[in-house]
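generate coordinates for the sequence data below:
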Amino acid sequence: MPIAGPARSIPEDAIAAEVAAATAVSKKMSCGRKRAYLSVIAACLAAAALCACQSSEPGRKADSESSNLKVLKPYSGNQTFSQKKVLEILSEQKKFFDRASLKSVSSASDTISNKRRIDSLWKQYLLENPKDVEARILCAKFQRACGDNETAYVYFKEADEMNPGIAVVKQQMSVYEAESGAAMEAYKHIEQAVAIEPDVSVYNLQAAQTILFFRDEISKEENISREELDKKMMFYYRRAAELAPGDSTLQWKYAQAFYDAKNADWNEALKQWDFVLENCVAFDVEKQTAMANKARVLIELNRDSEAEAILAKIDNPNLSDSKNALLAEIIQAKLQNKDDQKN
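All right, here's what the predicted structure looks like:
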């Protein structure tokens with residue numbers, strides 16, 4: 001019985017959300033479970049995708065944008081004409097997002113018109129510079145930020161065909177494929193991203209979550225057992241956590257991931273919950289939630305007395321159901337032991 005962590009919102013770009021609302025043309029997906037399932041995937045992966053595409057955290061190795069793309073500095077007369085044109089388009093994009101953030105200034109029709117104008121600038125530039133991979137990626141990122149994910153995917157795919165060694169392109173393709181339910185394509189591309197840049201935390205996290213969401217499909221297509229796939233999933237979670245020790249949300253994700261593994265290493269889980277308790281709790285409810293999870297792991301390790309001691313300290317009413325369920329497990333185990341001893 002996993003115990004949920006404290007409520008944490010998925011980071012979103014408010015400006016991009018406003019632009020997407022005005023410009024994105026949504027396509028109806030099939031109703032029922034698949035639609036709900038894919039929306040969960042989108043919620044978990046899309047935010048990480050834009051974060052990886054737009055910035056890197058302090059202390060984290062920069063993503064593929066900085067390692068594979070040319071850094072364009074303000075025009076000083078030393079850039080080529082094509083670089084100057086790209087800088088001009090990027091300047092127009094900045095103005096576009098600035099206007100989109102001011103709802104009272106920019107109407108939906110203005111936003112659509114301005115978006116189309118920038119689309120036209122990119123199309124003209126790429127027509128004149130068809131081999132400029134970096135510009136194609138920047139254009140794809142603009143489409144993604146505007147919520148036009150299908151168009152972004154087309155540009156990312158074209159960039160990948162021109163240069164298959166750029167990790168962020170593989171990762172972005174994987175995000176779109178996961179959102180669309182293309183399990184194996186998403187799995188293949190995120191694994192390639194990790195292979196290209198193994199020390200980027202967000203790539204490892206996305207690889208772990210892709211396995212989690214599409215475990216059955218991957219197991220069948222790759223002819224790999226659930227146990228082996230779970231080992232790979234946990235490796236990616238662990239690596240992501242190691243690469244971003246200061247990311248509290250990620251540390252919680254890794255700690256909770258043990259509940260999703262068929263044969264979890266509960267000793268490692270205990271170490272991770274201890275790490276969370278020492279480094280990743282800001283409020284009392286977070287501390288007590290982590291304590292309850294630690295007790296849950298101790299029960300798995302047959303260390304019931306230690307678990308009871310921890311549960312005795314938990315008094316948050318929101319955790320009472322989880323606490324009582326864990327105490328019931330301990331009582332049941334004690335009764336079972338007594339029956340075993342009698343027999």
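
Leu126: how many residues sit nearby?
16 (other C-beta atoms under 10 Å). From N, CA and C alone the C-beta is placed, and that goes for glycine too.

could you pull up the residues touching it?
132, 135-136, 139 (C-beta atoms under 8 Å, 6 or more residues apart in numbering).

and Ser305, how far is that from Leu277?
For Ser305, the distance to Leu277 (C-beta to C-beta, to the nearest Å) stands at 19 Å.

so which of the two has more stuff around it?
Leu277 (16 against 8).

okay but that one is in contact with Lys287, surely?
Yes: counting by C-beta atoms under 8 Å, Leu277 does reach Lys287; the two are 6.8 Å apart.

Arg99: which of the contacts of Leu126 is nearest?
Cys139 (19.3 Å; C-beta to C-beta).

got the contact list for the closest one?
By C-beta under 8 Å, 6+ apart, the neighbours of Cys139 are 122, 126, 155.

got any ranges where the stretch 51-200 of the chain has weak pLDDT?
Where the stretch 51-200 of the chain drops to pLDDT under 70, the residues are 51-79, 103-106.

where do the helices sit along it?
64-68, 81-101, 108-128, 133-145, 149-162, 167-179, 183-196 (DSSP state H, counting those that start in this stretch).

nearest to Phe258 among these would be which one?
Nearest of the helices of the stretch 51-200 of the chain to Phe258, taken as C-beta to C-beta: helix 183-196 at 20.7 Å.

for Ser305, what is the enclosing helix or strand?
Element membership for Ser305 (DSSP states H and E) is helix 304-311.

packing partners for that helix?
Counting contacts by 3 or more C-beta pairs under 8 Å, 6 or more residues apart in numbering; DSSP states H and E, helix 304-311 packs against helix 284-300, helix 320-342.

please identify which of the ones you listed is closest to Tyr176.
Once the helices and strands packed on helix 304-311 are compared by C-beta to C-beta, helix 284-300 is nearest, at 33.4 Å.

what comes up buried for the closest one?
For helix 284-300, the neighbour count (16 or more other C-beta atoms under 10 Å) marks 286-300 as buried.
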